[in-house]
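Chemist: Below are the sequence and a predicted model for it; my questions follow.
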Amino acid sequence: MTNKIDNNEKRLLLIDGNSIINRAFFALPPMDNGEGLHTNAIYGFMTMLFKMIENYNPSHISVAFDMKAPTFRHESYTDYKAGRKSMVSELAMQLKPLKKLLDSFGIYRQEIQGYEADDILGTVSLEGEKQGYKVFIVTGDRDAIQLASDVTTVLITKKGIGEVEEYNTQSVIERYNLTPTQFIDLKGLMGDKSDNIPGIPGIGEKTGIKLLTEYKTLEGVLENSDKLKGAQKKKVEENKEAAIMSKELATIIRSVPITYKLDDMKFGDFDEQVLIKNLQDLKFTSLISRITSFSSTNKDDQIIDIKKINSKSELETFVSSAKNYKKFAIKVFTRKDNILNKNIFKVYLAINSENIYVIEEDLIEDLKNILEDEEIEKIGYEMKEDYVAFRPYGIKIKNMAFDVSIAEYIIDSKTSTSYDIDSISNKYLYKKIKTKEELLGKGAKSIAFTDVKDEDLDDYANGIIKTVFGCIDIMKKKIKDDDMEMLYYDVEMPLVEVLADMEYVGICVDEEIVDRLGKEFDESIKSTAEKIHKLAGEEFNINSPKQLGVILFEKLELPVIKKTKTGYSTNAEVLEKLREKHEIIALITEYRSVVKLKSTYIDGIKQLINKNDGRIHSSFQQTIATTGRISSTDPNMQNIPVKTELGRQIRKVFVADRGMKLVDADYSQVELRVLAHMSGDEDMIEAFESGEDIHRKTASQVFNVEFDKVTPELRSAAKAVNFGLIYGKSDFGLAKDLNISLKKSKEYIENYFARFPKIKVFMDKIVEDAQISGYATTIFKRRRYIPEILSKNFIDKNRGKRAAMNAPIQGSAADIIKIAMVNVFNRLKEEELKSNLILQVHDELIIETYEDEIDRVKVLLKEEMENAVNLKVNLDVDLNVGDSWFETK
DNA sequence: CTTATCACG
DNA sequence: ACGTACGTGATAAGT
């Protein structure tokens, strides 16, 4: 790591410990370490300290604390600091732990009987100046501004503890029109309420500055008091003594009799392990990763030594050692280009974290044997990328054994965080490594891997490889401890290759149909828009909820049903309620739906058709959904319309290639079957065993009518309850959905649970367990942590309960189809079929098959899906074959 | 970059 | 009394 700041420069950071811990305490909300110790002030102090270290790169640090004993100021003026409240216990209890933490950080501490922290800082800073240091003083107390000079910068905290204002001689003059020394005279004149220093009554900052500009010093003002006028003159003359005493009190002593050597304040030598332990005890895990860069002992081992492999013979050396170890780590970097092209420009390989090699383009093809060697384990990070990158070279990586991103996902599939390599390094190794964002920048301004300097890419790859090797054993143990070995090694890891392959193969698109539908939709949009504008009496942007709101609720004065944070709500539910009120509503609904189809599914998909093969290569994400599901992006192939006839037309664009067919297999009611299995409810299981329509069947049981006499209304009520159940829906929601009274919906739910008692028991148990353990699990031990279930916030807590009820059901269904995918994929290979698995839509798999393989594929798909697991109920799969996705229904 | 809306299981 | 179904991703508007 290069350090831009000259390391030989002596830079001394001095901190007023009491002042900063006080600020921190009042600036931050309460925190504790789980054992009754309040920690917010310590945390705030440490964040501040880290920030100062990062920003000012000190070579020496000292923190000064006040002592309880009275100081010379109390002795000379008994009212000094009178009226000040003593420290509250929540803060007082944090002082000792903070001092202990600073000690383990190797930070020098000073406390001197009879003097305040201020005086220590004043004395040490003067000594520092004499010895040629640049000095930085951090405090929340503006009195310290008197210490500012050309080489001493006083940093005054503002806005809590987040930021500081910098003062040196120059900026003090700019801000106050006074020199730092005159600042003391100012205090003498105006006093200080917080320290109970009197000063001269009636003189504040403004007048004080004015007088000092004229007479330079406090003494100057007092000597010239006869030149003052009126009340001011009187006040000054009556309070001369008070003023002189005030100045004395406000003067920071710069000659405290203490023995110390500045050398003792040298920073950077500390035992990292002890510090880490102390930070862990305080539950400050987020701070741990930041310490490594401070440690002087640590800097050496961050030297990056990556050897370049230049020739086939050099590669041979690597290959033979990889064969000996039977394992190596890999990370590939590609050009941003067509997925079907040969885009790799660098491959990093490593047998252990000390020996990392890089290979460039010319030798890539020579990696085929070792990558396809089943006997050698490949480990890495986001290995799906590596697999896909090698496909254009005719290389299919075999035995991808451990991917840290997938491991971290099953260890803790938390929401809204990605499994960035640096967070993994941070969490397991407490090491800060180069982030992708640091390497490439973020957002629109980000650059490609090809645009970064070799050293920087080396640095990034080094971080990845070291993290992979560093984490693997810890993660393996965690996976074992949490009973997830089957899930990880037999499901998730084999699935990496399956998804990579699906992505690479893609799905065929008929572009003519895309264009034809596009035109049809455009015409419909145009004519509907015209009608809407005519009815509205003006042209406006129908796509803008804001403009639409003005038209509907102001111009046409329709009743406001619902509001959003920013204005009127105009969503489908609201429009449905307004449908009868104005003929414009139906048109808007129509317009909305067609615009959605056109922009998202026609225009959106057209852009993503690959120019080489005319196919769509959607990306399947394995580490996003908290429940264990797979997600799909660019485009999302899992939300292609199906519910409305018009939307379903979109499915005509997804076709089988020439001479091929699509075989579509979907599970019938997996989630309800999972529920029947997990709860063990005999009646629910029986309902499935009968093979009848499950919603009709439950309707007949819940409403106590004969199977044949179930009306469509009763069936749909039962269906709503069935689904509501999976999500932990409330009676209120059910009433709203079915448009029935709250009383009725309560009755339905009661009947339901009375009829299927074990389901109720099961649901209650899940919630209870989650409240105790903090997580919910699936049949295959996949975990979802739900901390909010213990929240004191009613809304969060209830949301947590619903998530807990849903996770085992949605998650087990996800486990099941993942197992089926792996088995289907392997079976296709074993039977040497050329057909490919190309899509997964949560409970549905699609294979593109050659016509002469159709029958075998149908059998295989049905068998593997239905036998993926053995539950208390059978799994049932429906099969459909067609030339397009539209036809497979 | 966030918000509202709407597509799917 | 609270607010009211879980899980995703894409687009356009507007701050």
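Modeler: Cool, the structure landed.
Chemist: Please spell out which residues along the strand or helix carrying residue A:577 are buried.
Modeler: Following DSSP states H and E, one finds residue A:577 within helix A:572-578. Burial within helix A:572-578, assessed by neighbour count using 16 or more other Cβ atoms under 10 Å, is assigned to A:574-575, A:578. No exception for glycine: its C-beta is placed from N, CA and C like everyone else's.
Chemist: Kindly report the same for stretch A:268-284.
Modeler: Residues of stretch A:268-284 classed as buried by neighbour count (16+ other Cβ under 10 Å): A:268, A:270, A:272, A:275-276, A:278-279, A:281-282, A:284.
Chemist: show me what contacts the residue of chain A found nearest DNA strand C?
Modeler: At 2.3 Å from DNA strand C, residue A:733 is the closest residue in chain A, using Cβ to the nearest atom of the strand. Going by Cβ atoms under 8 Å, 6 or more residues apart in numbering, residue A:733 touches residue A:724.
Chemist: is the helix or strand harbouring it up against DNA strand B anywhere?
Modeler: Under the criterion of DSSP H and E, residue A:733 resides in helix A:731-738. No: if you take Cβ under 7 Å from any atom of the strand as the test, helix A:731-738 misses DNA strand B, and the best it gets is 12.8 Å.
Chemist: what is the mean pLDDT for that helix?
Modeler: The average pLDDT for helix A:731-738 rounds to 85.
Chemist: ditto for stretch A:146-159
Modeler: Stretch A:146-159 comes out at a mean pLDDT of 90.
Chemist: in the stretch 401-550 of chain A, which segments are predicted with low confidence?
Modeler: A:415-418 (pLDDT under 70).
Chemist: Would you check that residue A:558 makes contact with residue A:580?
Modeler: No: using Cβ atoms under 8 Å, residue A:558 makes no contact with residue A:580, being 10.8 Å away.
Chemist: which of the two has more neighbours?
Modeler: residue A:558 (19 against 9; other Cβ atoms under 10 Å).
Chemist: which residues sit in contact with the more buried one?
Modeler: By Cβ under 8 Å, 6+ apart, the neighbours of residue A:558 are A:552, A:578, A:581-582.
Chemist: Which pLDDT value belongs to it?
Modeler: 90.
Chemist: Confirm that it lies within a strand, as I assumed.
Modeler: No: read with DSSP: H, G, I helix; E, B strand; the rest coil, residue A:558 is coil and lies in no strand.
Chemist: Can you list the buried residues in stretch A:357-376?
Modeler: So, applying 16+ other Cβ under 10 Å, buried residues of stretch A:357-376: A:357-359, A:364, A:367, A:370-371, A:373, A:376.
Chemist: same thing with stretch A:736-743?
Modeler: A:737-738, A:740.
Chemist: Over to stretch A:45-61?
Modeler: For stretch A:45-61, by 16+ other Cβ under 10 Å, it's A:45-53, A:56-61.
Chemist: same check, this time on stretch A:382-401
Modeler: Neighbour-count burial for stretch A:382-401 [16+ other Cβ under 10 Å]: A:382-392, A:395, A:397-401.
Chemist: show me what contacts residue A:780?
Modeler: Here residue A:780 is in contact with A:484, A:486-487, A:491, A:812, A:815, A:819 (criterion: Cβ under 8 Å, 6+ apart).
Chemist: Next step: these restricted to strands.
Modeler: If you go by DSSP state E, the contacts of residue A:780 have nothing in strands.
Chemist: Pull out the buried members of the residues you listed.
Modeler: If we count by 16+ other Cβ under 10 Å, the contacts of residue A:780 have these buried: A:484, A:487, A:491, A:812, A:815, A:819.
Chemist: so of the buried residues of stretch A:382-401, which ones are in helices?
Modeler: In helices, defined here by DSSP state H, the members of the buried residues of stretch A:382-401 are A:383-390.
Chemist: Please, where are all the helices along the stretch 451-600 of chain A?
Modeler: A:454-481, A:485, A:493-505, A:511-536, A:545-549, A:572-578, A:583-596 (DSSP state H, counting those that start in this stretch).
Chemist: Out of those, which one sits most buried?
Modeler: helix A:493-505 (a mean of 21; mean count of other Cβ atoms under 10 Å).
Chemist: packing partners for that one?
Modeler: helix A:383-390, strand A:400-403, strand A:619-621, helix A:794-830, strand A:836-840 (3 or more Cβ pairs under 8 Å, 6 or more residues apart in numbering; DSSP states H and E).
Chemist: Contact residues of chain A facing DNA strand B?
Modeler: So chain A meets DNA strand B at A:443-444, A:545, A:564-566, A:569-573, A:575, A:589, A:592-593, A:596-597, A:600, A:638-644, A:647, A:810, A:841-844 (Cβ under 7 Å from any atom of the strand).
Chemist: Out of those residues, which end up buried?
Modeler: The buried subset of those - by 16+ other Cβ under 10 Å - is A:545, A:569-570, A:575, A:589, A:592-593, A:597, A:600, A:638, A:640-641, A:647, A:810, A:841-844.
Chemist: Show me the domain layout of chain A.
Modeler: A:11-176+A:253-293, A:304-506, A:515-654 (automatic domain parsing).
Chemist: Export the ones you listed to JSON lines and append columns for distance to residue A:806.
Modeler: As requested, those are exported to JSON lines (distance: least, Cβ to Cβ, whole Å):
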{"stretch": "domain A:11-176+A:253-293", "distance to residue A:806": "28"}
{"stretch": "domain A:304-506", "distance to residue A:806": "13"}
{"stretch": "domain A:515-654", "distance to residue A:806": "7"}
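Chemist: so which of those comes closest to residue A:210?
Modeler: domain A:11-176+A:253-293 (11.6 Å; Cβ to Cβ).
Chemist: if we can go back for a sec, of the contacts of residue A:558 - the most surrounded one?
Modeler: residue A:552 leads the contacts of residue A:558 on contacts (other Cβ under 10 Å) with 24 neighbours.
Chemist: Report whether the expected contact of that residue with residue A:578 is present.
Modeler: Yes: the criterion here is Cβ under 8 Å, and residue A:552 meets it with residue A:578 at 7.4 Å.
Chemist: So what touches stretch A:513-525?
Modeler: Counting by Cβ under 8 Å, 6+ apart, A:590-591, A:594-595, A:597-598, A:602-603, A:605-606, A:609, A:649-650, A:652-653, A:655 sit against stretch A:513-525.
Chemist: Keep only the residues you listed that also lie close to DNA strand C.
Modeler: Okay, of those touching DNA strand C (Cβ under 7 Å from any atom of the strand), that's residue A:603.
Chemist: Counting only strands, which of the contacts of stretch A:513-525 make the cut?
Modeler: residue A:655.
Chemist: Quickly list what residue A:346 is bridged to.
Modeler: Residue A:346 has these beta-bridge partners by DSSP bridges: residue A:333, residue A:360.
Chemist: quick one, phi/psi of residue A:613?
Modeler: phi -120, psi 0 (degrees, to the nearest 10).
Chemist: Setting the sequence-adjacent residues aside, check what's closest to it.
Modeler: Spatial nearest neighbour of residue A:613, excluding adjacent residues (Cβ to Cβ, 6 or more residues apart in numbering): residue A:340 at 6.3 Å.
Chemist: list the contacts for that neighbour?
Modeler: Counted by Cβ under 8 Å, 6+ apart, residue A:340 has contacts A:392, A:610, A:612-613.
Chemist: Three-state assignment for the spatially closest residue to residue A:648 that is not a sequence neighbour, please.
Modeler: Nearest residue to residue A:648, sequence neighbours excluded (Cβ to Cβ, 6+ apart): residue A:642, at 5.5 Å. Three-state call for residue A:642 (three-state DSSP): coil.
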